[in-house]
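Engineer: Just need the structure, nothing else, for what follows:
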Amino acid sequence: MQRVMIVGQPGSGKSTLARELGQRAGLPVVHIDTIHWQPGWIERSRDEKTQLCLDVEARDCWIFEGGHSATWDNRMARADLLIWIDRSATLRFIRVLRRTLLQRGQSRPDLPENCPELLANLPEFFAFMWRTKKTARAKMQQLVATAPPDCRVVCLRSNRETGVFLASIGS
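Structural biologist: Sure thing, here's the model as predicted:
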């Protein structure tokens, strides 16, 4: 295991799994939110995000969690493990609300500096989650279905499955 691609919708647990897996496997972790956002919640241009993703994907080893599906084909071609975290919309909304409340006013470790969790951003983010819940899931199903034969695919649908998977990696 040298290059791990983790996908899932917001609140599914991608960042948490990536951090834990990175510690266990000794691999560097890259969060898409550090590519997508600049300090102060300034969104990078699509071209800049694409180039930053391609730069990460060219490295020898990584755990890369998150979207920017424009580079998924390239990432998938290099990955030796694809993890899809497929959790219910209800659970994901609850998790996003909880992390926003618990980390309100602070930047999460998977975000750039000066990107604090803000309650004011929640309605817009929930609207995005709701709007994309079916299309994003379908896109991830397609990604899994087209994974190359030399790429192991793991689908995690519960905390128990995630725990069993992490236990198989060791500590």
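Engineer: Next secondary structure element downstream of the longest helix seen in the chain?
Structural biologist: Using DSSP state H to define each element, the chain has its longest helix at helix 122-145. Next in sequence after helix 122-145, counting helices and strands by DSSP states H and E, comes strand 152-156.
Engineer: how much does that next one deviate in direction from helix 122-145?
Structural biologist: Angle, strand 152-156 to helix 122-145, by axes from the mean of the first three to the mean of the last three CA atoms, to 10 degrees: 140 degrees.
Engineer: for strand 152-156, packing partners?
Structural biologist: Under the contact definition 3 or more CB pairs under 8 Å, 6 or more residues apart in numbering; DSSP states H and E, strand 152-156 sits against strand 81-85, helix 159-169. In short, each C-beta sits where N, CA and C put it, glycine included.
Engineer: Pull out the buried residues from that strand.
Structural biologist: Going by neighbour count (16 or more other CB atoms under 10 Å), the buried part of strand 152-156 is 154, 156.
Engineer: ditto for stretch 34-48
Structural biologist: Buried positions in stretch 34-48, judged by neighbour count with 16+ other CB under 10 Å: 34-37.
Engineer: Tell me if I am right that residue 64 is in a strand.
Structural biologist: Yes: using DSSP: H, G, I helix; E, B strand; the rest coil, the assignment for residue 64 is a strand.
Engineer: remind me which residues of this structure are low pLDDT?
Structural biologist: For the chain, the stretches with pLDDT under 70 are 171.
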